[in-house]
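> next comes the sequence, and after it the predicted model I'd like to discuss.
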Amino acid sequence: MGKRVTTQVSAEEIAQQYKYIEILRDYNQARISRLGRPVKYNIETFGCQMNENDSERLSGMLSEMGYSESAKRTDSDLIIFNTCCVRENAEQKVYGHLGALKKLKENNHELVIAICGCMMQQPEVVEHIRKVYKHVDIVFGTHNLYKFPELLNTAVENKGTVIDVWDSTGSIAENMPITRKESLKAWVTVMYGCNNFCSYCIVPYVRGRERSRDIEEIRNEVVKLAQEGCREITLLGQNVNSYGKDLEGEYSFAGLLRELDRLDGIERIRFMTSHPKDLSEELIYAVRDCKKVCGHLHLPVQAGSSKILEKMNRKYSKEQYLDLVEKVRKHIPDISLSTDIIVGFPGETEEDFAETLDVVAKARFDMAYTFLYSKRTGTPAAKAPDQIPEEVKKERFDRLLALQNHVSRDINDRLLGKEVEVLVEGLSKSSKTTYTGRTRENKIVNFKGSPQLVGSLVRVKIDTVQTWSLLGKLV
Ligand code: 5AD
Ligand code: SF4
């Protein structure tokens, strides 16, 4: 069997979307003069950075169509929810917000409501929205985001509900507009989808199989970002270590890092997420050798017990994970590690949970994103008979958090009196003179500074340590 090769959406199809953008721009210009005010959009993004990046694409298309962004839903002419379905509470939030939009629509019949993202890739969700939330105008999924101009045009012309969700795609759409939230830091998606099918996870069902972007496209995007003043990029993918496996030719994620490290202008390169089973030595060496690649690895462990890891279909044991951490630390002693941990996976006993605590104590993560296991219909784990009661999950969760906070604080304590390199991002939220930025290891540092420092690298000596951030003085 030959390898499956990822293709790009044809130039004609992309050009077609630009035509719809133009049609809508004319339409909006007429509306702007008729109404005597700008036409506005509001996007609410749920979930991960991949969704944030997708919303930036929608913003790009919308600003080309003549829409201005609004922070408020109440004064918007177009409202988009970009949804997440990785855990149930993310879905519940969407339904709550969606219900509240009904009133807005009753008061403004010209309001267009669109909903997209991972939740829409589940047929039962689309059916539910169609039946219960009749005020929704456009429903689309993760695979046809680039067709949004066409869908919006259809909705505006026909005034009926437009539903267009694709099961999968082997293609990637390049060269669509993008408007980024931040100018100093940018997300750059390098691959889409996931082939791993961890038994609890819905992502492979809603984001499809792994597809890598062409290396030239990624390089061009990063060069352009650097020219626009961006200083830090974060490469995104559900499993970046698989990068290139679906491309014609010999590509690897380590190779991509080395390639991007050579580009001028960008100061820092980050990436996420790495699956422990695929973390190659080649990648460890690339992180060690590349000057711009930050010494920070997000390496989700998910659980500590080898029995649970097997049930999760993670394809590594507790010992293999800890060995990997040791190997990474041997080559990159200052590396900062973050992780994801799920508490209360079906069948998790108190002994299994103790193994998770043991991994946290031994691996000494700088930071852990901790989650209560959430049953996702359609995944194998949802059918497991031994689901854990909510109160048991919560109690374990609290114990895990307490231990992780202790470890994080302990790691930060060791930075007291040390000098760190900080990329200055701007004023901190609560002050007019305190500036904030991050170290290469991704720690937040606050210090007294001045506006001209924003966007530059400075050295700060740490004099106060907190669990989540550090305070210091410019040196
Ligand atoms: N329940 C709880 N957490 C989950 N994650 C993925 N699926 C589930 C689920 N069903 C977590 C994993 C993953 C992160 C993005 O979300 O820890 O790494
Ligand atoms: Fe989900 Fe596992 Fe893929 Fe991550 S690697 S997206 S947890 S299936």
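That came through, no problem. Ligands and ions are numbered 1, 2, ... in the order given.
> what are the ranges of the helices in the stretch 101-250 of the chain?
Secondary structure of the stretch 101-250 of the chain by DSSP state H, counting those that start in this stretch: the helices cover 123-132, 148-158, 203-207, 215-227.
> most tightly packed of the ones you listed?
Mean neighbour count, computed with mean count of other Cβ atoms under 10 Å, is highest for helix 203-207 among the helices of the stretch 101-250 of the chain, reaching a mean of 21. C-beta here means a position set from N, CA and C on the backbone, and glycine is covered the same way.
> now that one: average pLDDT?
Model confidence over helix 203-207, given as mean pLDDT, is 94.
> give me the contacts around it.
Among residues not part of helix 203-207, those counted as contacts by Cβ atoms under 8 Å, 6 or more residues apart in numbering are 50, 85-86, 118-119, 121-122, 141-142, 192-197, 238, 378-379.
> can we see that at 10 Å?
The set of residues that contact helix 203-207 without belonging to it, under Cβ atoms under 10 Å, 6 or more residues apart in numbering, is 48, 50, 83-86, 117-122, 125, 141-143, 168, 192-198, 210, 238-239, 376-379.
> keep only those that also lie close to ligand 1.
86, 376 (Cβ under 6 Å from any ligand atom).
> got a ChimeraX select line for the buried ones in the contacts of helix 203-207?
A single ChimeraX command selects the buried members of the contacts of helix 203-207 (16 or more other Cβ atoms under 10 Å):
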select :48,50,83,84,85,86,117,118,119,120,121,122,125,141,142,143,192,193,194,196,198,210,238,239,376,379
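> show only the entries of the contacts of helix 203-207 found in strands.
Of the positions in the contacts of helix 203-207, 83, 117, 192 sit in strands, assigned by DSSP state E.
> pLDDT at the residue most central in space within the chain, what is it?
Among the residues of the chain, residue 49 comes closest to the average C-alpha position under Cα atoms, centre = their mean, at 1.7 Å. Predicted confidence (pLDDT) at residue 49: the value is 95.
> same check, this time on residue 429
Reading off the confidence values, residue 429 has pLDDT 86.
> next, the distance between the ends of stretch 285-300.
By Cα to Cα, to the nearest Å, the extent of stretch 285-300 from end to end equals 20 Å.
> is it in proximity to ligand 2?
No. Stretch 285-300 stays clear of ligand 2 (Cβ under 6 Å from any ligand atom), getting no nearer than 6.8 Å.
> numbering from 28 from now on, please.
All set: I'll call the first residue 28, so the last point we hit is now stretch 312-327.
> now that stretch, how far from the centre of its chain.
18 Å (Cα atoms, centre = their mean, to the nearest Å).
> and for stretch 209-222?
Relative to the chain's own centre, stretch 209-222 is displaced by 7 Å; criterion: Cα atoms, centre = their mean.
> again with stretch 242-255
Relative to the centre of its chain, stretch 242-255 is centred 19 Å away, using Cα atoms, centre = their mean.
> contacts for that stretch?
Counting contacts by Cβ under 10 Å, 6+ apart, the residues touching stretch 242-255 from outside are 35, 199, 201-202, 205, 207, 210, 212-213, 215-218, 239-241, 257-260, 262, 270-271, 274, 276, 278, 282-283, 286-287, 289-294, 296.
> which residues in the stretch 378-502 of the chain form strands?
Secondary structure of the stretch 378-502 of the chain, counting by DSSP state E, counting those that start in this stretch: strands at 394-399, 446-454, 461-465, 471-475, 484-492, 496-501.
> restricting to C-alpha, output the last one in CSV.
These are the backbone C-alpha positions of strand 496-501, laid out as CSV (Å, rounded to 0.1, in the frame of the first residue of the first chain):
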residue,chain,number,x,y,z
SER,A,496,4.3,33.9,37.8
LEU,A,497,7.6,35.5,38.7
LEU,A,498,8.5,39.1,39.6
GLY,A,499,11.8,40.8,38.9
LYS,A,500,13.9,43.8,37.9
LEU,A,501,15.4,44.7,34.5
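> now for it, which elements pack on it?
Applying 3 or more Cβ pairs under 10 Å, 6 or more residues apart in numbering; DSSP states H and E, one finds that strand 496-501 contacts strand 446-454, strand 461-465, strand 471-475, strand 484-492.
> what's the answer for the fifth one, then?
Packing partners of strand 484-492 (3+ Cβ pairs under 10 Å, 6+ apart): helix 417-440, strand 446-454, strand 461-465, strand 471-475, strand 496-501.
> kindly recompute the last result at 8 Å.
Contact here means 3 or more Cβ pairs under 8 Å, 6 or more residues apart in numbering; DSSP states H and E; on that basis strand 484-492 packs against helix 417-440, strand 446-454, strand 471-475, strand 496-501.
> check the contacts of stretch 242-255 against ligand 1, which are close?
Checking those against ligand 1 (Cβ under 6 Å from any ligand atom), there are no matches.
> and the residue nearest to residue 452 when sequence neighbours are not counted, how many residues sit next to it?
The spatial neighbour of residue 452 that comes closest, neighbours along the chain excluded (Cβ to Cβ, 6 or more residues apart in numbering), is residue 464 at 4.9 Å. Using other Cβ atoms under 10 Å, residue 464 is surrounded by 26 other residues.
> again, but for residue 72
For residue 72, the number of neighbouring residues by other Cβ under 10 Å comes to 20.
> I'd guessed residue 256 sits against residue 209; true?
No. Under the criterion of Cβ atoms under 8 Å, residue 256 makes no contact with residue 209, lying 10.7 Å away.
> and residue 112, how far from residue 265?
For residue 112, the distance to residue 265 (Cβ to Cβ, to the nearest Å) stands at 14 Å.
> ah, wrong one, I meant residue 317
Taken as Cβ to Cβ, the spacing of residue 317 relative to residue 265 amounts to 22 Å.
> pretty sure residue 488 contacts residue 446?
Yes. Under the criterion of Cβ under 8 Å, residue 488 lies in contact with residue 446, with a separation of 5.1 Å.
> now do the shared contacts for these two.
Taking Cβ under 8 Å, 6+ apart as the contact rule, the neighbours common to residue 488 and residue 446 are residue 502.
> and those two? Which one has more around it.
Residue environment comparison for residue 488 versus residue 446 gives the larger neighbour count to residue 488, 15 against 12, counting by other Cβ under 10 Å.
> next one: the more buried one from residue 363, what distance?
The span separating residue 488 from residue 363 equals 19 Å under the rule Cβ to Cβ.
> got it, and residue 193?
Residue 193 is 38 Å from residue 363, where distance means Cβ to Cβ.
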